[in-house]
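Engineer: After the sequence you'll find the predicted model.
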Amino acid sequence: ARDRYCSRNASDKVRRFKSYDEAVDYIFRKQRKRPQERFSLVYELDRTLELVSSLDEILAIDTKAKAEEQAQDACRRQQKELREIEFPGLDILRDRVGLVVANNAAELLGLLRNEGEIAARARFSKATYYRLKGILKDAGLVGE
């Protein structure tokens, strides 16, 4: 209504560029045609938008995002290691049996390795213990 080039509700006025140089060139050309209007450069990364004014800011955002991703990967690896300690062989068992049986068998294997057979037998009923132990033998996770 006020003859403005950009507005918050006009998504057709937003332009996307593949490179920083292309975006800066476009803004420079538009500013020469419309000197009274302001143009903003927004960097989009993983559905987050950041107002930027230089390539250095974009590189800083990328570096920060990469550091956060590496921290999340490290956290995932640590959680996987902890899960492997508590529920050893779970990935192998999930391929052979259902999720609930795989979790119970992995719990039994963890008890057998960490606390011994007496604690494992106390945790499960006799029939369940031998059924799960048979599943573990079939998967090659325990010996005779």
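Structural biologist: Alright, I've got the coordinates.

Engineer: Would you map the strands across the protein?
Structural biologist: 41-45, 48-52 (DSSP state E).

Engineer: Gly143: which of those is closest?
Structural biologist: With Cβ to Cβ as the criterion, Gly143 lies closest to strand 41-45 of the strands of the chain, at 51.1 Å. In short, each C-beta sits where N, CA and C put it, glycine included.

Engineer: The closest one pairs with which strands, parallel or anti?
Structural biologist: strand 48-52 (antiparallel) (DSSP bridges).

Engineer: Please save the CA atoms from the strand it pairs with in CSV.
Structural biologist: Output of strand 48-52 as CSV, limited to C-alpha atoms (Å, rounded to 0.1, in the frame of the first residue of the first chain):
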residue,chain,number,x,y,z
THR,A,48,16.6,-20.8,11.3
LEU,A,49,16.9,-17.3,9.9
GLU,A,50,19.7,-14.9,10.8
LEU,A,51,20.1,-11.3,9.7
VAL,A,52,23.6,-10.9,8.3
